[in-house]
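Peer 1: with the input below, show me the fold.
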Amino acid sequence: NKDTNFVCFSENKNTMLGEAVPTQMVSRKGSLFRSAAGNLPSLEQALAQSNAEVLLTTIDAPSIRTKIPKLLFALDMMLPGTRIYKNKLHPVVPRSVKRNCAEARLIICPSTYMQKTCSTCVEVGLEKTVLARAGVEAAFGGEYASIIDGPYMLFPMNRYSCPYIGTITEAIKRNPGLFSPTLVILGPIYKKEPANWGVPIIRVEKCPDDIMSNLLQNADAVLYPAQGDGSGMVAMQALRSGAMLLTAKSGAHYEVAGTVPFYFEADNPVSMLQIMRRMLDESPEEKEQRRQTGRTLVTDCAWEKCTSKIISAIKRGML
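Peer 2: Now for the predicted structure:
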């Protein structure tokens, strides 16, 4: 998009958004009239010096004083300081988030679930939100021979699924015969991981898209007891890879994946075991039909479309 230029302002020198987006170091300290320590400008100063026309930032970003239009993007409501009460549909978000949303021209959301959640949690009208669905990399559509020796199940571990590690370990403890002999755990080390998962594990902390697709595609099942995932990216990647996905009907999952996954309650090991039995009872023909349906659902999920929506929102925010 030749008429739109991006600059990334960051406090972290290792932040890189690609060759086309230069990164400029800033400091939160300082003010519009005084440079911060180390001669780094504040974000307010950097915005003024660069003649920025729009600020695109996260929904929970620190509040700054600027006259240029502010656009926010919200992947979920799992924000620091957010309180989630049991049996409540939506979390109670910090006042700073509500203030950001009140000041914003538009809020970019990856799903209608997040549009509705923003409307409910931060009390903004749906007309103030823009839908820009996430894409799926082409690598997830490839066919790969398994790189894991023997059958296995895959557990994608992130901030949505980490709180429900106990669901998997308790389910394994109750009925180990339903599980494959190996559990592959995909994601960074979590400080509260159990010493014993109940089955042998293989750790993959980080890998490129083609390896992740390989792991998804060749797993007997992908166990993803996640809550609050507002983009459904893992679900879309699993469907594009042709994986057998077991997940919770939470966040954007049902919106992006429909009836293709096997749904269970994320915090209920009995529910997980019941849905695993159902999965194992399906015939090879039924599983193949499920795979084909999943791939068809995410065929049009492209980052180019997401980019077009974001660019459109930026231009709209300038009006």
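Peer 1: surely Thr120 is in a helix?
Peer 2: Yes: judged by DSSP: H, G, I helix; E, B strand; the rest coil, Thr120 forms part of a helix.
Peer 1: how many residues are close by it?
Peer 2: Counted with other CB atoms under 10 Å, the neighbours of Thr120 add up to 13. Quick note: C-beta positions are derived from backbone N, CA and C, even for glycine.
Peer 1: measure it to Ile107 for me?
Peer 2: According to CB to CB, to the nearest Å, Thr120 stands 13 Å off from Ile107.
Peer 1: what of Ala235?
Peer 2: The spacing between Ala235 and Ile107, counted by CB to CB, is 22 Å.
Peer 1: one more: Asp281?
Peer 2: Distance from Asp281 to Ile107, by CB to CB: 43 Å.
Peer 1: more neighbours: the two, which one.
Peer 2: Per other CB under 10 Å, whichever of Asp281 and Ile107 has more neighbours is Ile107, with 24 against 8.
Peer 1: so what's Glu98 up against?
Peer 2: Not quite, residue 98 is Lys, not Glu. Lys98 makes contact with Val122, Glu123, according to CB atoms under 8 Å, 6 or more residues apart in numbering.
Peer 1: so which strand or helix has it?
Peer 2: helix 95-103 (DSSP states H and E).
Peer 1: and Leu56, helix, strand or coil?
Peer 2: strand.
Peer 1: thinking it is in contact with Ala74, fair?
Peer 2: No: with contact defined as CB atoms under 8 Å, Leu56 does not reach Ala74; the gap is 12.0 Å.
Peer 1: with neighbour numbers in mind, choose between the two.
Peer 2: Each of Leu56 and Ala74 has its neighbours counted (other CB under 10 Å); Ala74 has more, 26 against 19.
Peer 1: who's in contact with the closest residue to that one other than its chain neighbours?
Peer 2: Distances taken as CB to CB, 6 or more residues apart in numbering place Ile59 nearest to Ala74, at 4.1 Å, with adjacent residues excluded. By CB under 8 Å, 6+ apart, the contact set of Ile59 is Leu72, Phe73, Ala74, Leu79, Val97, Asn100, Cys101, Ile107, Cys118, Val122.
Peer 1: from Ser111, how far out is Ile59?
Peer 2: With distances taken as CB to CB, Ile59 is found 14 Å from Ser111.
Peer 1: surely Pro188 meets Cys207?
Peer 2: No: Pro188 is beyond contact range of Cys207, at 11.7 Å (criterion: CB under 8 Å).
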